[in-house]
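>>> got a predicted structure plus its sequence, pasted below:
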Amino acid sequence: MLQFLGFSQRVNREWVKRHYGWFLLSFPLLVLAIAAGLSPTVAPSSRAIAQERLDNSGSSADGIYLYGESPQPGVLGVAYLVLESRNNQVVGGFYMYHSSFDCFYGQITNHSLQVTVVPTYEQDNYPYAVQRSDTAIASSNPLPITPELEGFYRIQTADDVANRVLENCRNGYADLVWQ
């Protein structure tokens, strides 16, 4: 069709490069950026991870924990997770400010936080694991009481948004993990 309008194949390729070259170059870069941005520490868990045994020598203290991809709360576009732990059993939620949230329930093991995520707008629950960054491969020291999670900063105090997310998730799923 372009030849019918007087354009040659050469002009056609140059025109495409000039007008769509950004797309041809940026699409692979976009895919790489997205892949690099996806934390390999937050990945669907496998049955092998789900079968990991709890060892009370590395148990976490009971309490409420808040983590964020940013060390500051309230940053738009940043993922946060809030959880309550009792005897290494957890209930909590993943959320972003001014967005929806997804609840989860599960456990903290010596190597990871293993949860079942309950999506707000989807039908199917799915398993997820976030690796602990405070796990040593070979160490005689017990794990720290406050778990550190790879890809997340520990935030000391939960704000109103975190408390509301936690309260909603606790109301919906606490009975599944706490007796």
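Now that the structure is in, tell me what you want to look at. Residues are numbered from 1 along each chain as shown.

>>> could you double-check that Glu84 sits in contact with Val91?
Yes: Glu84 is within contact range of Val91, at 5.6 Å (criterion: C-beta atoms under 8 Å). (C-beta placed from N, C-alpha, C; glycine too.)

>>> which one's more surrounded, these two?
Just comparing Glu84 and Val91: by other C-beta atoms under 10 Å the higher neighbour count belongs to Val91, 25 against 20.

>>> overlap in contacts of Glu84 and Val91?
With contacts taken as C-beta atoms under 8 Å, 6 or more residues apart in numbering, the residues that reach both Glu84 and Val91 are 166, 170.

>>> helices along this structure, start to end?
Using DSSP state H, the helices of the chain run over residues 9-37, 47-50, 160-177.

>>> out of those, which gets the lowest mean score?
Among the helices of the chain, helix 47-50 carries the lowest mean pLDDT, a mean of 37.

>>> residue contacts, Val91?
Shown in contact with Val91 (C-beta under 8 Å, 6+ apart): 83-84, 103-105, 166, 169-170, 173-174, 176-178.

>>> first to last residue in stretch 61-72, what's the distance?
From its first residue to its last, stretch 61-72 covers 23 Å (C-alpha to C-alpha, to the nearest Å).

>>> please apply the same query to stretch 115-133.
Across stretch 115-133, the straight-line distance between its terminal residues is 17 Å, by C-alpha to C-alpha.

>>> buried ones in that stretch?
115-118, 127-132 (16 or more other C-beta atoms under 10 Å).

>>> which among those residues gets closest to Met96?
Compare each of those with Met96 using C-beta to C-beta and the shortest gap goes to Val117, at 14.5 Å.

>>> for the closest one, report the pLDDT, please.
Taken from the predicted model, the pLDDT recorded for Val117 is 97.

>>> that one is in contact with Phe101, isn't it?
No: contact criterion C-beta under 8 Å: Val117 and Phe101 do not qualify, at 10.7 Å.

>>> give me phi/psi at the nearest residue to Met96 once chain neighbours are set aside?
What sits nearest to Met96 in space, not counting adjacent residues and going by C-beta to C-beta, 6 or more residues apart in numbering, is Ala79, at 5.8 Å. Its backbone dihedrals place Ala79 at phi -80, psi 140, with angles given as degrees, to the nearest 10.

>>> since that was my last question, I'll sign off now.
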